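*Asks:* Okay, sequence plus prediction incoming.
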Amino acid sequence: MRFEVSSADLLKQLNIASGAINPNPVLPIMEDYLFDVKDNVLTITSTNLETTIVTHVDVTSDEDGIIAIPAKMLLETLKALPEQPITIAVDENRGVKILSAFGVYKLSGDLADDFPTPPEEDDVETLTLPSKKIQKGILNTVFATSNDELRLAMTGVLIQIDFTKMHFVATDAHKLVKYTLGNLKTDITRSLIVPKKGLNLIKNAFSEECDVTISFNKANIFFSFGRTKIICRLIDSKYPEYNAVIPVENPFETFINRKDFLNSLKRIAIYANKSTNQVLLNLTEKSMTISAQDLDFSNEATEQLSCNYSGDPMTIGFNAKFLSEMLMVLETDEVKLLLSTPSRAGILVPTDQEADENLLMLVMPVMMGN
């Protein structure tokens, strides 16, 4: 097997595929890319069994063939080469030669038969969405997932498709985010839990705006766009009943500049107790006083921000880290904080949202006296 390819084109696809390669895989073969040349198209596959990436690049070849090639060496070689046509040749003993304008690099390949077979798209339901919407759904939720392997469902993002709507939901029991996309035209109603690692790869793989075909069955979800397909094994677990924790009555509203609020939290959090990260928000009609103290070290800080607050004066405690994460993901200049009592969750929403989108972020209070 021998083919010629642009080093830059190959590197671009290898970078995408490298996302599914773990440093210490279960099987040594999973440190490789699977290269399959057919009819002048090279198909590159990588997998860690949870996520599989399949991508394609045009090549000029005189014969078809298949081989597994160690990913790290190949990737490092291509990164170190300026853009140029290169030739990759494989002999009958699985010796791999890379020929560039500078010289020859030899490494040994592995048997393609040992490479895990990617999941097939059988019995799938399918819909198509713009990449921008999927990216937004992932970006708004993936940070709120849990790292607790004992709560497996919460380590992923719940994607609920309900005829005309698609909800992305993530929670770690301290914070919860729900992003809803409307105006879908499907007859699908399904709930899937997608691992966060796979979602992060998908979010980063869109280099330009495109349409993404999403298909799924009981075991896997497939995202196909351009010349790439990313397959994620679904988390087989039951997602908690999240709607029950979203308070319906939130009579008190605060409008505040997002950046000012975020920057103030970052400064005040330096003085907060390191185990609770607790900051107190004291709200009156025109101002929000943000304060924190760490009694063990006699550290404390206070700042005052202007805001528009309608409701009874209130002091409520939150984890500064959680609030900051939410404010960093929100995009509007101004945000709205909805509250009811100091012991109930606060809800953070952008002040303006696109007609077919709805984003809600919930954060549990840190009780005073903790």
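*Replies:* Received, thanks. Numbers count the residues shown, from 1 in each chain.
*Asks:* okay, the spatially most central residue of the chain: pLDDT?
*Replies:* If you average the C-alpha coordinates of the chain and look for the closest C-alpha using Cα atoms, centre = their mean, you land on Asn200, 2.9 Å from that point. Per-residue confidence (pLDDT) for Asn200: 95.
*Asks:* Pull the contacting residues for it.
*Replies:* Applying Cβ atoms under 8 Å, 6 or more residues apart in numbering to Asn200 gives the contacts 138, 142. Every residue, glycine included, has its C-beta placed from N, CA and C.
*Asks:* Can you read off the backbone torsions of it?
*Replies:* phi -60, psi -40 (degrees, to the nearest 10).
*Asks:* Quick check: it vs Leu234, distance?
*Replies:* 16 Å (Cβ to Cβ, to the nearest Å).
*Asks:* likewise Tyr105?
*Replies:* Distance of Tyr105 to Leu234, computed by Cβ to Cβ: 40 Å.
*Asks:* ok, now Arg227?
*Replies:* 24 Å.
*Asks:* So which of Tyr105 and Leu234 has more stuff around it?
*Replies:* Leu234 (20 against 17; other Cβ atoms under 10 Å).
*Asks:* my guess is the more buried one contacts Arg190, does it?
*Replies:* No - under the criterion of Cβ atoms under 8 Å, Leu234 is not in contact with Arg190, lying 10.5 Å apart.
*Asks:* which neighbours do the two share?
*Replies:* Where contact means Cβ under 8 Å, 6+ apart, the residues bridging Leu234 and Arg190 through contact with each are Phe216.
*Asks:* partner strands of the helix or strand where Asp36 lies, parallel or antiparallel?
*Replies:* When elements are assigned from DSSP states H and E, Asp36 belongs to strand 32-38. Neighbouring strands of strand 32-38 in its sheet, by DSSP bridges, are strand 41-47 (antiparallel), strand 65-70 (antiparallel).
*Asks:* hmm, who's touching that strand?
*Replies:* Contacts of strand 32-38 with the rest of the structure, by Cβ under 8 Å, 6+ apart, involve 1, 3, 14, 17, 21, 42-46, 59, 61, 63-71, 74, 88, 109-110, 112, 115.
*Asks:* got the strands paired with strand 32-38 as JSON lines, with distance to Asp296 and mean pLDDT columns?
*Replies:* Output for those, formatted as JSON lines (distance: least, Cβ to Cβ, whole Å; pLDDT from 0 to 100):
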{"stretch": "strand 41-47", "distance to Asp296": "48", "mean pLDDT": "98"}
{"stretch": "strand 65-70", "distance to Asp296": "51", "mean pLDDT": "97"}
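*Asks:* Which stretch among the ones you listed approaches Phe322 most closely?
*Replies:* With distances scored as Cβ to Cβ, the stretch of the strands paired with strand 32-38 nearest to Phe322 is strand 41-47 (34.0 Å).
*Asks:* picking up where we left off before, can you turn the buried subset of the contacts of strand 32-38 into a selection I can paste into PyMOL?
*Replies:* The PyMOL command for the buried members of those (criterion: 16 or more other Cβ atoms under 10 Å) is given here:
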select buried, resi 1+3+14+17+21+42+43+44+45+46+59+61+66+67+68+69+70+71+74+88+109+110+112+115
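*Asks:* For Lys72, list the residues it contacts.
*Replies:* Under the criterion of Cβ under 8 Å, 6+ apart, the contact list for Lys72 reads Glu31.
*Asks:* Show me what the closest residue to Leu99 other than its chain neighbours bridges to in the sheet.
*Replies:* With sequence-adjacent residues excluded and distances taken as Cβ to Cβ, 6 or more residues apart in numbering, Leu99 is closest to Thr87, at 4.3 Å. Beta-bridge partners for Thr87, by DSSP bridges, are Glu4, Leu99.
*Asks:* now do Pro365
*Replies:* The bridge-partner assignment for Pro365, based on DSSP bridges, gives Phe318.
*Asks:* pLDDT wise, what is Asn370 at?
*Replies:* According to the prediction, Asn370 has pLDDT 42.
*Asks:* The closest residue in space to Ala205 that isn't next to it in sequence: what's it in contact with?
*Replies:* The spatially closest residue to Ala205, leaving aside those adjacent along the chain, is Ile16, at 5.4 Å (Cβ to Cβ, 6+ apart). Taking Cβ under 8 Å, 6+ apart, we find Ile16 in contact with 53, 55, 205, 228.
*Asks:* quick one, phi psi at Ile16?
*Replies:* In terms of degrees, to the nearest 10, the main-chain angles of Ile16 are phi -60, psi -50.
*Asks:* picking that back up, do you know how far the residue nearest to the centre of the chain is from Val157?
*Replies:* Here the distance between Asn200 and Val157 works out to 10 Å (Cβ to Cβ).
*Asks:* Now for the two: what residues contact both?
*Replies:* Taking Cβ under 8 Å, 6+ apart as the contact rule, Asn200 and Val157 both touch 138, 142.
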